[in-house]
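S.K.: Predicted model and sequence below, questions to follow.
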Amino acid sequence: MFILRRLIILIPTLIGLTLLVFVLIHLQGNNLILSEYLNPRLTGQARELEIQRLIQEFHLNQPVYIQYFYWLGQVLSGNFGYTNTPIFSGPVSVAIELFLPNTIVLSLFAALLIWLIGIPLGVFSAVNRDSVADQGIRVFSFTLYSMPIYLIAIALILLLGVYTGVLPFSGEVNPTLVSGLPWYVNGISYPTHILLIDAIIHGDFTVALNAFLHLIMPAVTLALAVMAGIIRILRASMLETLEQDYIKLARAKGVPEKIVNNLHARKSAMLPVVTSFGYTVAGLLGGVVVVETVFDFPGIGYWTTQALLNDDVGGVMASTLIFGIILVLTTLILDIVYAVIDPRVRY
């Protein structure tokens with residue numbers, strides 16, 4: 001029943017999201033909407049006829065609710081309109097297909113780093129409360145929490161890119177390595193559009209290694225920006241859990257401290273982290289726009305920035321809708337996971 005209730009709530013949430021995007025589109029006015037489809041070479045009477053045809057086609061001369069249902073029908077059929085940016089011009093659905101895979105890989109890599117580094121640091125900080133290590137981790141997390149993500153990116157670029165030259169910090173690959181490759185055309189790799197995977201598929205491990213090196217700095221930047229909050233939440237939750245009676249009882253029975261911390265306390269302390277992971281996903285989605293732009297990483301965030309700079313309504317609104325849908329679905333999944341971990345929330 002809990003899952004059914006959450007699925008029922010999901011429907012009006014998605015409808016509300018589409019309404020918000022639709023309103024944002026039409027606040028720009030019909031002229032900006034039509035400019036996405038109007039042939040710039042047309043002039044005079046031919047231009048006026050084309051404008052009238054587009055108005056009829058998009059139902060812009062009808063009541064706004066009719067326009068909404070027409071637009072929603074187009075979206076549900078996969079037609080998000082057209083985009084015209086320096087990195088891609090064509091159907092928005094094609095742009096999403098080309099750029100979203102890179103963003104997914106970047107976000108997954110960052111999430112993996114958060115899990116492998118942030119969770120252990122939060123637990124270690126709580127277990128070693130008020131130690132030098134704990135104080136260092138707290139200063140580290142508070143510093144990251146107070147820094148804008150672009151400042152973290154600039155700091156890493158200067159440290160690992162400019163001064164030491166350890167890692168590349170622009171683009172997704174060294175252009176000289178992919179020049180002339182038949183499966184890399186106009187900055188897009190095929191068939192998966194994820195250069196690291198495509199290079200492995202085609203047996204070019206030099207390109208694969210270089211693509212991986214280009215992925216590290218944006219992923220680390222994104223992970224550091226989100227990790228600070230996870231460390232703080234987990235430390236506070238872990239400290240509270242360690243004071244619970246069942247933890248004290250386990251210690252009194254002689255259960256090894258490592259088992260108490262990692263098996264008993266950590267599982268309970270993770271509940272607030274799971275609850276807040278929806279905000280983590282929101283942070284990742286918001287962060288990719290900045291990170292991909294700073295590092296010229298060709299993902300959907302970078303494409304969204306290009307759309308913003310070029311007044312590309314189709315690109316901006318489609319990416320807004322995609323990010324919103326991902327966040328809503330992620331929240332649904334997390335609610336279900338939380339219900340599995342803690343059955344009390346089902347009632």
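M.R.: Arrived safely, thanks for sending.

S.K.: Mind telling me what element residue 333 is part of?
M.R.: Assigning secondary structure by DSSP states H and E places residue 333 in helix 313-341.

S.K.: and residue 180, how many neighbours?
M.R.: 6 (other Cβ atoms under 10 Å). Every residue, glycine included, has its C-beta placed from N, CA and C.

S.K.: on that earlier part again, report all helices and strands that the helix holding residue 333 contacts.
M.R.: With contacts taken as 3 or more Cβ pairs under 8 Å, 6 or more residues apart in numbering; DSSP states H and E, helix 313-341 sits against helix 2-27, strand 82-85, helix 92-113, helix 266-294, helix 300-309.

S.K.: Pull the distance from that helix to the chain's centre.
M.R.: In terms of Cα atoms, centre = their mean, to the nearest Å, the gap separating the centre of helix 313-341 from the centre of its chain is 10 Å.

S.K.: pLDDT of it, averaged?
M.R.: Regarding helix 313-341, the rounded mean pLDDT is 78.

S.K.: out of the helices and strands packed on helix 313-341, deepest packed?
M.R.: Stretch with highest mean neighbour count among those: helix 300-309 (a mean of 23; mean count of other Cβ atoms under 10 Å).

S.K.: Return it as CSV; C-alpha atoms alone will do.
M.R.: Only the C-alpha atoms of helix 300-309 are listed here, as CSV (Å, rounded to 0.1, in the frame of the first residue of the first chain):
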residue,chain,number,x,y,z
ILE,A,300,23.7,17.8,-20.6
GLY,A,301,24.7,20.4,-18.1
TYR,A,302,27.2,22.0,-20.5
TRP,A,303,24.6,21.8,-23.3
THR,A,304,22.1,23.5,-20.9
THR,A,305,24.6,26.4,-20.3
GLN,A,306,25.1,26.8,-24.0
ALA,A,307,21.3,26.9,-24.4
LEU,A,308,21.0,29.6,-21.7
LEU,A,309,23.7,31.7,-23.3
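
S.K.: what does it contact?
M.R.: For helix 300-309, contacts defined as Cβ atoms under 8 Å, 6 or more residues apart in numbering pick out 83, 85-88, 95-96, 99-100, 102-103, 288-293, 296, 312, 314-316, 319, 322.

S.K.: Run the chain-centre distance for it.
M.R.: Mean-position distance between helix 300-309 and its chain equals 13 Å (Cα atoms, centre = their mean).

S.K.: average pLDDT across it?
M.R.: Computed over helix 300-309, the mean pLDDT rounds to 88.

S.K.: Now do the helix or strand hosting residue 50: which elements does it pack against?
M.R.: Using DSSP H and E, the element containing residue 50 is helix 44-57. Secondary-structure packing of helix 44-57 (3+ Cβ pairs under 8 Å, 6+ apart): helix 30-35.

S.K.: buried set for stretch 74-88?
M.R.: 75, 80, 81, 82, 83, 84, 85, 87, 88 (16 or more other Cβ atoms under 10 Å).

S.K.: Pull the most distant pair out of those residues.
M.R.: Within the buried residues of stretch 74-88, two members stand farthest from each other by Cβ to Cβ: 75 and 87, at 22.8 Å.

S.K.: low-scoring stretches of this structure, by residue?
M.R.: For the chain, the stretches flagged by pLDDT under 70 are 1-3, 28-30, 32-33, 35-42, 257, 260-283, 286, 338, 341-347.

S.K.: which helix in it runs the most residues?
M.R.: In the chain, assigned by DSSP state H, the helix with the most residues is helix 205-242.

S.K.: That helix versus helix 92-113: what angle between them?
M.R.: Angle between the axes of helix 205-242 and helix 92-113 is 60 degrees (criterion: axes from the mean of the first three to the mean of the last three Cα atoms, to 10 degrees).

S.K.: immediately after helix 205-242, which helix or strand?
M.R.: helix 245-252.

S.K.: Please determine how far residue 144 is located from residue 27.
M.R.: Plainly put, residue 144 is 36 Å away from residue 27 if you go by Cβ to Cβ, to the nearest Å.

S.K.: right, I mislabeled it, should have said residue 244
M.R.: 51 Å.

S.K.: quick one, what contacts residue 152?
M.R.: Residue 152 touches 144, 221, 224, 225, counting by Cβ under 8 Å, 6+ apart.
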